[in-house]
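J.: Have a look; sequence and predicted model below, questions after that.
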Amino acid sequence: MPGDADLAGIGELFADRTRSRILLSLLGGRELAAGVLADEAGVSRPTASGHLRRLVDGGLLAVRSAGRHRWYRIAGPEVADLVERLAAFAPPQPVSSLKATTRAERLRTARTCYDHFAGRLGVAIMGSLLDHGHLTGGDGLFRDDGADRPASAGRELDYRLTDDGLAFLDDLGVVLPDGAARPLVRYCIDWTETRHHLAGGAGRALSDRFFTAGWAERLPLYRAVRVTPAGERVLARRFGVDWPT
């Protein structure tokens, strides 16, 4: 018979700053090469290799080999939810340079959380859906009173798309996934805004629509996102969001 959950085992994977930087670098949902992750974490490639091996063995990362190269990604949406939620409770890292300040501001403004929008952009979109009655079940606010628990991965509040919400997304050209392989509506506690942003199948479909329509584009920071002028018009006309906020 297996014993109780070994929280210390999973905690050790997050306790090292190099491994934490690697996980945050991959939180945008992309596959990145080991060398890129080493540079992002500020360590040598042999050092990064050891940390990557531990993260793969611990089930937090998946790896794909292509010739002599290895490409790493977050193992799945549940892992991304866990990383994002832990970040909501973590103290911010000190910023000591102009480059780091610019990076932090871009990530706070708009970024991807695995496969959906986060930061001010993600929070603004979810707030608009709630304000217009397209989404029900909560008010988008994070309350540090035990109601939002990092272990429950967006299941505490029962957010649901209304019929008007389904019609709105359809009119916007958002193609929602079929089947029940993944919940349609989930939410994450946004670690920079301490509010909820939309996750689940609907969150991914909405961000996919923004990217394919040219309303948003990824920046070279792996997670950072820029809203294009066309996207600003869509946010203003369809969501009632004055961007940039």
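T.: Yes, it's here.
J.: and this structure, what are its domains?
T.: The chain resolves into domains spanning 7-75, 98-239 when parsed by automatic domain parsing.
J.: center of the protein - which residue?
T.: Cys113 (1.1 Å; C-alpha atoms, centre = their mean).
J.: Counting neighbours, what do you get for the residue nearest to that one when sequence neighbours are not counted?
T.: Among residues not flanking Cys113 along the chain, Glu84 sits closest, at 5.1 Å (C-beta to C-beta, 6 or more residues apart in numbering). In this view, the C-beta of every residue, glycine as well, is placed from N, C-alpha and C. Look at Glu84: counted by other C-beta atoms under 10 Å, it has 24 neighbours.
J.: can you check Arg226 too?
T.: There are 14 residues near Arg226, going by other C-beta under 10 Å.
J.: I'd like the distance between it and Val241.
T.: Computed as C-beta to C-beta, to the nearest Å, the Arg226 to Val241 distance reads 15 Å.
J.: do you know how far the residue nearest to Cys113 is from Tyr187?
T.: 10 Å.
J.: Going C-terminal from the helix or strand containing Ala8, what's the next secondary structure element?
T.: Using DSSP states H and E, Ala8 falls within helix 7-15. Per DSSP H and E, the first helix or strand lying C-terminal to helix 7-15 is helix 17-25.
J.: which strands and helices sit next to that following helix?
T.: With contacts taken as 3 or more C-beta pairs under 8 Å, 6 or more residues apart in numbering; DSSP states H and E, helix 17-25 sits against helix 7-15, helix 34-41, helix 45-57, helix 77-89.
J.: could you check the angle helix 17-25 makes with the second one?
T.: Translated: helix 34-41. Counting by axes from the mean of the first three to the mean of the last three C-alpha atoms, to 10 degrees, helix 34-41 lies at 110 degrees to helix 17-25.
J.: Residues contacting the lowest-mean-pLDDT helix or strand in the chain, please?
T.: One helix or strand of the chain scores below all others by mean pLDDT, DSSP states H and E: helix 98-109, with a mean of 76. Helix 98-109 is contacted by residues Val95, Gly119, Arg120, Leu121, Thr192, Glu193, Leu219, Leu221, Arg223, Ala224, Pro244 when judged by C-beta atoms under 8 Å, 6 or more residues apart in numbering.
J.: What of stretch 16-34?
T.: Contacts for stretch 16-34 (C-beta under 8 Å, 6+ apart): 13-14, 37, 40-43, 45, 47-49, 51-52, 54-55, 60-61, 64, 69-74, 80, 83-84, 87, 111-115, 218, 222-223.
J.: Any idea how far it is from the middle of the chain?
T.: Computed by C-alpha atoms, centre = their mean, to the nearest Å, the chain-centroid distance of stretch 16-34 equals 12 Å.
J.: Check stretch 194-213 too.
T.: Here stretch 194-213 shows a centroid-to-chain-centroid distance of 9 Å under the convention C-alpha atoms, centre = their mean.
J.: Which positions in it come out as buried?
T.: 195-207, 209-210 (16 or more other C-beta atoms under 10 Å).
J.: Stretch 37-45 too?
T.: Leu37, Ala38, Glu40, Ala41, Val43.
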